[in-house]
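Student: turn this into a structure:
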Amino acid sequence: MPGLTVKLHRRYREVLLKCSEFESDVALRAVFVTAELIPFRDSLSGAASKSGRVDACLAHLAEKHLSDGRPVLPLFLVALRDRYQEGDALRDELDEILEKTYPSVEKQPALADGSGQDVVEGIYLDLVHLATECLLMSKWAWLTDHAVRDLLPVGFVDGVHEFAVQVRKAIWPKKYPDLEKTLCNLADRANQYVNLFLEQSCLRGDWFRTSWRQDFQSQNERLEWTGRFLEWQERCIPLLFNLTVALNEFAQVVRDTVNPTYFLREGKFSIVDSIGVMSDSEGKVYFPTEYIEVDSRHDLDGPVIVEASRQSE
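Tutor: Residues are numbered from 1 along each chain as shown. Purely as a prediction, here's the structure:
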């Protein structure tokens, strides 16, 4: 790596490999939320392993500079360091390599809103970006069109779990309680849907697909299993609708608090069913506005629908 001795480069890898942000491509991209780093996020290459991400990230940022000549790598280290609390040994190690390599770098990052000072604001922006990336919100129509056909991409499943973990780990600043509430609700709804989906699916290539049994010992066993499978399908759809409601609530609160243009141009999130899985082969787009309630009095494996509010056009 240009500018680093072999010994220092080894130390960089040693410290960065301890950071949970390198566990997945989605988690690493979520670090790029400051005004200076956002332009370099989309060109960051993915990798199949944690060590691969560390190497790719270092190689990607080592030679990058801002228009004013400042190197990008120390800005990344500052953003990464600030994800860890004061007193955390890993934060101290990140400070150590930052000081050894770039002793004169400004230690306070400029946030995406241009304030450059409000670290609390940055915590919210970080989580908003994480939600956007992990839940594939920019591809929501495409995602739901596959989901209603019992298909989920691996990236979405992994992203939901990563998002849920990061929300659970968050120490809330309590500046925007409504945003914190919708973030938690969104993580819960997404995790609930994905966990149920995985009960009757298996990984095939880059997709989780419906897993069908063919080794039945009797017709009764086949009918019993088919009944459970159809019940599972009927439970998945309401949870997808609930997740979409949670997405729209979350997006509105983001617009009301930290980003007034968040998905403003794209409009409301909907559920696309282009081949009519839910409507006798008639393609429709659904705009759910209320959560589907469940009857807790039923002692079954999952929720039983007692009321569903769905709008379609």
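
Student: which residue lies farthest from the center of this structure?
Tutor: Ranked by distance from the centre of the chain (C-alpha atoms, centre = their mean), the top residue is S218, with 42.8 Å.

Student: for that residue, give me the pLDDT.
Tutor: The score at S218 is 75. That number is its pLDDT.

Student: now do the contacts for F208.
Tutor: 151-154, 157, 197-198, 201-202 (C-beta atoms under 8 Å, 6 or more residues apart in numbering). The C-beta positions use only the backbone N, C-alpha and C, and glycine is treated the same way.

Student: list the buried residues of the helix or strand containing it.
Tutor: For F208, the element it lies in under DSSP states H and E is strand 207-210. Buried residues in strand 207-210, defined by neighbour count with 16 or more other C-beta atoms under 10 Å: 207-209.

Student: what residues does L44 make contact with?
Tutor: L44 neighbours (C-beta under 8 Å, 6+ apart): 28-29, 32, 56-57, 60.

Student: what is the nearest of those to T101?
Tutor: C57 (14.8 Å; C-beta to C-beta).

Student: and that closest one, how many neighbours?
Tutor: 23 (other C-beta atoms under 10 Å).

Student: what do you get for the one 5 residues further on?
Tutor: The number of residues packed near A62 is 16, by other C-beta under 10 Å.

Student: just L130 next, same as before
Tutor: Neighbours of L130 (other C-beta under 10 Å): 24.

Student: start at 817 instead
Tutor: Yep, numbering from 817; the last one is L946 now.

Student: grab the nearest non-local neighbour of it.
Tutor: A846 (4.3 Å; C-beta to C-beta, 6 or more residues apart in numbering).

Student: so how far is D1096 from that neighbour?
Tutor: 41 Å (C-beta to C-beta, to the nearest Å).

Student: swap in E937?
Tutor: Taking C-beta to C-beta, one finds E937 at 49 Å from D1096.

Student: so the two - more neighbours on which side?
Tutor: The neighbour comparison of E937 against D1096 (other C-beta under 10 Å) goes to E937, with 18 against 6.

Student: shouldn't the more buried one be in contact with N1075?
Tutor: No: E937 is not in contact with N1075 according to C-beta atoms under 8 Å; the separation is 10.3 Å.

Student: and stretch 1018-1025, what's its mean pLDDT?
Tutor: For stretch 1018-1025, the mean per-residue pLDDT is 89.

Student: run the chain-centre distance for that stretch.
Tutor: Offset of stretch 1018-1025 from its chain centre (C-alpha atoms, centre = their mean, to the nearest Å): 19 Å.

Student: for the helix or strand encompassing R1038, buried residues please.
Tutor: If you go by DSSP H and E, R1038 is part of helix 1035-1073. Buried residues in helix 1035-1073, counted by 16+ other C-beta under 10 Å: 1045, 1048, 1051-1067, 1069-1070, 1073.

Student: output the buried residues of strand 1023-1026 as JSON lines; include the columns distance to H945.
Tutor: Compiled in JSON lines, the buried residues of strand 1023-1026 are given as follows (distance: C-beta to C-beta, whole Å):
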{"residue": "W1023", "distance to H945": "25"}
{"residue": "F1024", "distance to H945": "25"}
{"residue": "R1025", "distance to H945": "29"}
